[in-house]
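In: Model the following, please.
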Amino acid sequence: MKYGLIAFDLGNTIIRFDHNIAAGKISGRFGVDKGRVFEPFFDSDITRRFETGKISPEIFHVEISELLGIKLPYEEFVDIWNDIFWEDKRCSELVRRLKAKYRICLLSNVNKLHFEWIRAKFGIIGIFDHLVLSYLVGAQKPDRKIYEYASRVSGVGFDGILYIDDRADLIEAAKGYGIESVPFKDAPALEDWLLEHKVL
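Out: This next block holds a predicted model:
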């Protein structure tokens, strides 16, 4: 087989998410502008440090609370922070079909709270051969380090990996490292590509 490993992104491929859900709950409860909540939740120095394992969930809660000027018990914050996900069942079915023929890897920028919640809720996570997660590796895509980690733990060189992600910038970065990469639009389009290229 051409591929020794098929690596999937997690967010908005297998598991869909929307930070607006959590931002809306915080905004409604505390009267903070929703956009002001969304930005640090989605992309900020705080979330980047959290996703690379540099701060604990408890410190993340403290820093976000201070930034937004809110007081929310940790347990309630965790519930709001985590309750933003749903499964793309058609994509999960493709993953299961690929698992029958290939080793599969989850290659994700994700924080500890989100991943532990997702793993407990969605059984699809349990079928992956390798979990390459930014908060455990200490690096986020598109840093070459996280792709090298996936290669090392799987024993598959970059030229033997097929990588699937919804973000164009991460697809281009992986291609730049010599990894064949497929942009994820939706499960039917991915299935068409896999069939056309005789992966399925």
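In: Tell me which residues of the helix or strand of the chain with the lowest mean pLDDT come out buried.
Out: The helix or strand of the chain with the poorest confidence is helix 34-42; it has a mean of 91 (mean pLDDT, DSSP states H and E). Neighbour counts over helix 34-42 (16 or more other CB atoms under 10 Å) mark 37, 38, 40, 41 as buried. C-beta coordinates here come from the backbone N, C-alpha and C atoms, glycine included.
In: how far does it sit from the chain's center?
Out: For helix 34-42, the gap between its own C-alpha mean and the chain's C-alpha mean amounts to 18 Å (CA atoms, centre = their mean, to the nearest Å).
In: Can you get me a residue count around residue 56?
Out: 12 (other CB atoms under 10 Å).
In: Name all residues that make contact with the closest residue to residue 180 other than its chain neighbours.
Out: Distances taken as CB to CB, 6 or more residues apart in numbering place residue 162 nearest to residue 180, at 5.3 Å, with adjacent residues excluded. Taking CB atoms under 8 Å, 6 or more residues apart in numbering, we find residue 162 in contact with 3, 5, 6, 7, 179, 180, 181, 182, 199.
In: Could you do residue 158 as well?
Out: Residues near residue 158 by CB under 8 Å, 6+ apart: 147, 151, 177, 178, 179.
In: before we move on, the earlier item: okay, the buried residues of helix 34-42 in TSV with distance to residue 26 next?
Out: Below are the buried residues of helix 34-42 laid out as TSV (distance: CB to CB, whole Å):
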residue	distance to residue 26
37	5
38	9
40	10
41	8
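In: Quick check: residue 146 touching residue 131?
Out: No. Counting by CB atoms under 8 Å, residue 146 stays clear of residue 131, with 11.9 Å between them.
In: Between these two, which has more neighbouring residues?
Out: Legend: neighbour count by other CB under 10 Å for residue 146 and residue 131, higher for residue 146 (22 against 18).
In: what about the more buried one, which helix or strand?
Out: Per DSSP states H and E, residue 146 falls inside helix 144-154.
In: if we can go back for a sec, drop anything exposed from the contacts of residue 158.
Out: 147, 151, 179.
In: List the buried residues for stretch 141-159?
Out: Buried, per 16+ other CB under 10 Å, within stretch 141-159: 141, 142, 143, 146, 147, 149, 150, 151, 154, 156, 158.
In: Kindly report the same for stretch 177-191.
Out: Neighbour counts over stretch 177-191 (16+ other CB under 10 Å) mark 179, 180, 181, 182, 184, 187, 190, 191 as buried.
In: the helices in this protein, which residues?
Out: 19-30, 34-42, 45-51, 57-68, 74-82, 89-99, 112-121, 134-137, 144-154, 168-176, 187-196 (DSSP state H).
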